[in-house]
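Colleague: Build me a structure from this.
(chains A and B)
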Amino acid sequence: MISLTETTEEQSELPFNFVPQLFHLHKDHDLFEDGDVHRHMYLQDLYCVSEAEDKSTPSISQFACHISGCSAVFSVLEEYEHHYNSLHRHVCCSCRRSLPSARLLDVHIQEWHDSLFTILAQTQDMYQCLVEGCGQKFRTNKDRKDHLVMIHKYPPDFRFDKPKKDRRTHETKKPQQIETAMEVVDDTCGSERVHDGLSDQQELGESMETHVSEEEAAQNYAAAAAAAAGGDAGLSAALHSNKHANSEMPKPQYSYRVPTTVCFGHGSVRGFRGRRGRRK
Amino acid sequence: MWRLNRVRYKNVGQSSKSSEELRLKRREQEKALRQARRDKQLVSKRLLLNEDEEVTMETTSGEQDVVSLLYKLQQSGSERETHLKDLSKALRDPSAQLTFIKQENSMHLLVSLLTGSNTQCRLHAVRCLHELSHSIHTNVAPACLPATPYLLTYLSGQSTKFTELCLYTLGNLIPDSDVVKEKLLAQGIIPALASCMENQRHNLAVVEAVGFTLSQLLQAKDAAEKIIPTVLTSCLPSQLLSVLTPDPKFGLAPAIECAWCLHYLACSKDGRELLAQGALLQCSSLLSSLGGAEGSKEGMELLVCPLLRCVGNLLSFCPVNSLSSQVGDVRLVVALCAFLQAYLHTQPALARESAWVLNNLTAHSGEFCSALLTFNLVPGLMQLLLFSQGINTMILRILANVAHKKKELSVQMVHLGLLSTLCSTLKMADQEMVTLSLEVLFMLVVSGPQVVDEFVRLNGVPLLEAIQYNSEGEMRQRAVYLLERHLLSDSSSACTVDNVSSS
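Modeller: Numbers count the residues shown, from 1 in each chain, chains lettered A, B, ... in the order given. Here you go, the predicted structure:
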């Protein structure tokens, strides 16, 4: 922003290099623009004392999410904290998926990145039920899914561990967000966002289930937002939604919403771009 | 004084009927001025009105009048004064100005009246020239060239009104064309202004006019090469500085003009020559007294602005060891913080400039850094960190300057709650803010072990973890360093991405 009169000295070991600096500003420096204009208003007899109302006052700085590839910006601290906690708090360091809770992150790491688990799973029940407090274990992914659907009344179309599939991306998305978009279901933040009343255009595709087409998604979004306004109606709504789930004309819009705590596996959003490779 | 008074009167008079109209006009004008500045064409002219005149700009006489008046002036001897007075009124009209300069011998006639023995005619003639110099047409100023040597000569006269008119006319002619400016320089305008100011230093209306004319010269594009060196070797700088003691009866206007001249001098590369004349001391003590005055006077910001710039730029020339003698009282920091708070909402640009001066003041001086804490100004500064538009980065630099000086000062700032403020700034979207915040955090952390505990207690660790993943490498590096070397070793309780993934 300002031309330096002194060069900062390089320090090789420390990444910190703050040195107090004096700034000499030339006549045409940008910092002087407003003052110069004001001066010439005075010279041209346009000086006016009580003109404070229509001046732009400095606004509060915006907070940004610092996760690379995430361009969310907030003006309220709570919004940021909520965003960080729900999207970037529990992130798998191997595949950079974001999971909604520490427990699900642990489960994810075991099942996806732990070779011991893979070996043990061949001989014993290793797949934990996703519902907290249930404690049951299953031999396969499929068994667990059946259990979740039968006992815990999960919607059968809930994508527990479906293989990754390609999906056409929303045209407004920037290239760097394509990856995120392809990892479609992202109900962790999707339903929460609706809850918060945030309606970011970019989020549309993500917050909808896979089988809802883009066009429908856009239409349904508003309705879903209204429907979800009642707060955590999600779970019970999802229970009733099973039969409607695959019909092409979804009547209760909230039928596509899935409880926030059960996002898992490939359905999870990627917290980071993989571009930079794994950290360390 | 006449100016501020008159302007105030104008506003009062018009506020009832067309304040909205006026505001609209102002906004349009402001936009035009802003564009002009970007194009480096920002120039202004001043019109000195007769005492008996209303501000209304209506022009009754048309082009026809100019031709007939000129004809009459060439003829008669008895009614010349009235005709000349009428001509000066007619020349306010831009098209009449063009008609006038196209008439054969018109300027020649005007010059002869300007230099004639009839003093009343001289006054009316110079008013005609003044109206012409205020023209919006750029070809009018070169047409006035035959009169300039006489205008310069009259600067050594004693008649206030007449000298004022000469000065404002010259000042208006300067920005219009390089030809005029070159001629005026060759004709010795700088020594003429210097002697005029010296001779009439007690006549504040003339001083103001000299200030205006000189400021017009100093704003010229090539001022740095040709004009500023000559001005600096004349007696003008010391004259300008002596005006920086505003007369309570006359008002701020002369000081405003002279302070702007000093600003144009101080932002050139030769600005350091002003230091030897004690300019820094003069400007900063006037700023201190303006900042200390309870209740801001009307129009005070018009003077504060150029003074701040002088102090800011002069500080950058000032050697560290002579800083305290050049600046004088440490209470300048109190005044600067007062401006910051007072102008934050009404004149954010001035608040920004105040912050810049405060940065230059604290950059190399432990004395001024300590003063910020002694006068309990740090809490007020910390509040400003939440505002955008360039104010917050400068404020953070100031706090970084303080932290950089002594560990004790860092510890004091931690006690005042700087860490929780940093927790807010670390989340900002502005990369410069975040990088600076990390720098300050580092300085605080190395100042004592209790700082780390406090930062962990404020839940600061997740913020640094977040920055670890920022796309900006410099930020990432700093955050990782802080986490690995200072924070994680001390706080096993902090749940981090690293911990979870390794479990």
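Colleague: Now the helix or strand encompassing B:Gln239: average pLDDT?
Modeller: The secondary structure element spanning B:Gln239 is helix B:236-242 (assigned by DSSP states H and E). Averaging the model's pLDDT scores along helix B:236-242 yields 94.
Colleague: so what secondary structure elements neighbour that helix?
Modeller: In terms of contacts (3 or more CB pairs under 8 Å, 6 or more residues apart in numbering or on different chains; DSSP states H and E), helix B:236-242 is packed against helix B:189-199, helix B:204-218, helix B:253-266, helix B:279-292. Placement of C-beta: from N, CA and C, glycine included.
Colleague: how far is the third one from where the chain is centred?
Modeller: So the one you mean is helix B:253-266. Distance of helix B:253-266 from its chain centroid, counting by CA atoms, centre = their mean, to the nearest Å, is 8 Å.
Colleague: Quick check: A:Asp125 touching A:Thr140?
Modeller: No: under the criterion of CB atoms under 8 Å, A:Asp125 makes no contact with A:Thr140, lying 9.0 Å away.
Colleague: Model confidence score at residue 209, please.
Modeller: With no chain named, the answer covers chain A. Each residue has a pLDDT score; the one for A:Glu209 is 34.
Colleague: my bad, the chain I had in mind was chain B
Modeller: Reported pLDDT at B:Ala209 in the predicted model: 95.
Colleague: For it, give its distance to chain A.
Modeller: According to CB to the nearest CB, to the nearest Å, B:Ala209 and chain A sit 13 Å apart.
Colleague: Identify the residues contacting that residue.
Modeller: For B:Ala209, the contacting residues are B:163-164, B:167-168, B:171, by CB atoms under 8 Å, 6 or more residues apart in numbering or on different chains.
Colleague: element containing the spatially most central residue of chain B, please.
Modeller: Chain B has B:Pro306 as the residue nearest its centroid, 3.6 Å off, counting by CA atoms, centre = their mean. Using DSSP H and E, B:Pro306 maps to helix B:300-317.
Colleague: which other helices and strands contact the very next helix or strand once past that helix?
Modeller: Toward the C-terminus, helix B:300-317 is succeeded by helix B:323-327 as the next helix or strand (DSSP H and E). Identification of packing neighbours for helix B:323-327 by 3+ CB pairs under 8 Å, 6+ apart yields helix B:279-292, helix B:300-317, helix B:366-374.
Colleague: relative to helix B:300-317, how tilted is the first one?
Modeller: So the one you mean is helix B:279-292. Computed by axes from the mean of the first three to the mean of the last three CA atoms, to 10 degrees, the angle separating helix B:279-292 from helix B:300-317 equals 140 degrees.
Colleague: For helix B:279-292, buried residues please.
Modeller: Of the residues in helix B:279-292, those scored as buried under the neighbour-count criterion (16 or more other CB atoms under 10 Å in any protein chain shown) are B:279-288, B:290-291.
Colleague: for the record, mean pLDDT for that helix?
Modeller: Along helix B:279-292, the predicted local confidence has a mean pLDDT of 90.
Colleague: now the chain, which segments are flagged as low pLDDT?
Modeller: Using chain A here. A:1-12, A:47-61, A:63, A:66-69, A:76, A:158-280 (pLDDT under 70).
Colleague: switch to chain B, that's the one I care about
Modeller: Applying pLDDT under 70 to chain B flags the ranges B:1-18, B:51-64, B:294-297, B:389, B:489-503.
Colleague: so what's the closest residue to chain A within the stretch 1-150 of chain B up against?
Modeller: Closest to chain A within the stretch 1-150 of chain B is B:Ser44: 3.8 Å, counting by CB to the nearest CB. B:Ser44 makes contacts with A:40, A:43-44, as judged by CB under 8 Å, 6+ apart.
Colleague: Now, of the residues you listed, which are buried?
Modeller: In the contacts of B:Ser44, the ones that pass as buried (16+ other CB under 10 Å) are A:40, A:43.
Colleague: Now intersect the contacts of B:Ser44 with the helices, please.
Modeller: Here DSSP state H is the test, and those give A:40, A:43 as lying in helices.
Colleague: Which parts of the stretch 351-500 of chain B are helices?
Modeller: Along the stretch 351-500 of chain B, the segments classed as helices by DSSP state H, counting those that start in this stretch run B:366-374, B:378-384, B:391-405, B:407-415, B:418-425, B:431-445, B:449-457, B:461-468, B:473-481, B:497-502.
Colleague: what's the farthest-apart pair in the buried residues of helix B:279-292?
Modeller: Of all pairs drawn from the buried residues of helix B:279-292, the one with the largest separation by CB to CB is B:Ala279 and B:Gly291; the distance is 18.2 Å.
Colleague: okay, now whichever residue of the stretch 201-350 of chain B sits closest to chain A: neighbour count?
Modeller: Shortest the stretch 201-350 of chain B-to-chain A distance, computed as CB to the nearest CB: residue-wise this is B:Ala349, at 3.1 Å. Here the neighbour count serves as a burial measure; for B:Ala349 (other CB atoms under 10 Å in any protein chain shown) it reads 22.
Colleague: burial measure for the nearest residue to it once chain neighbours are set aside, as a count.
Modeller: In space, not counting the residues next to it along the chain, B:Ala349 is nearest to A:Asp34; the distance is 3.1 Å by CB to CB, 6 or more residues apart in numbering or on different chains. Burial measure for A:Asp34: 21 neighbouring residues, criterion other CB under 10 Å.
Colleague: Can you point out the buried residues in the helix or strand hosting A:Asp34?
Modeller: Assignment of secondary structure by DSSP H and E places A:Asp34 within helix A:33-43. The neighbour-count criterion (16+ other CB under 10 Å) identifies A:33-43 as the buried residues of helix A:33-43.
Colleague: How about stretch B:262-270?
Modeller: Neighbour counts using 16+ other CB under 10 Å place B:262-268 of stretch B:262-270 among the buried residues.
Colleague: Could you check that stretch against chain A for contacts?
Modeller: Yes: using CB under 8 Å from any CB of the partner chain, stretch B:262-270 reaches chain A at B:264, B:267-268.
Colleague: and what of stretch B:88-106?
Modeller: No: Stretch B:88-106 lies out of reach of chain A by CB under 8 Å from any CB, never closer than 14.1 Å.
Colleague: again with stretch B:302-319
Modeller: Yes: residues of stretch B:302-319 contacting chain A under CB under 8 Å from any CB: B:302, B:305-306, B:309, B:312-313, B:315-317.
Colleague: Neighbour-wise, give me the winner out of those.
Modeller: B:Asn313 (30 neighbours).
Colleague: and B:Lys85, how many neighbours?
Modeller: Using other CB under 10 Å as the criterion, B:Lys85 is surrounded by 18 other residues.
Colleague: what do you get for the one 3 residues further on?
Modeller: For B:Ser88, the count of nearby residues is 21 (other CB under 10 Å).
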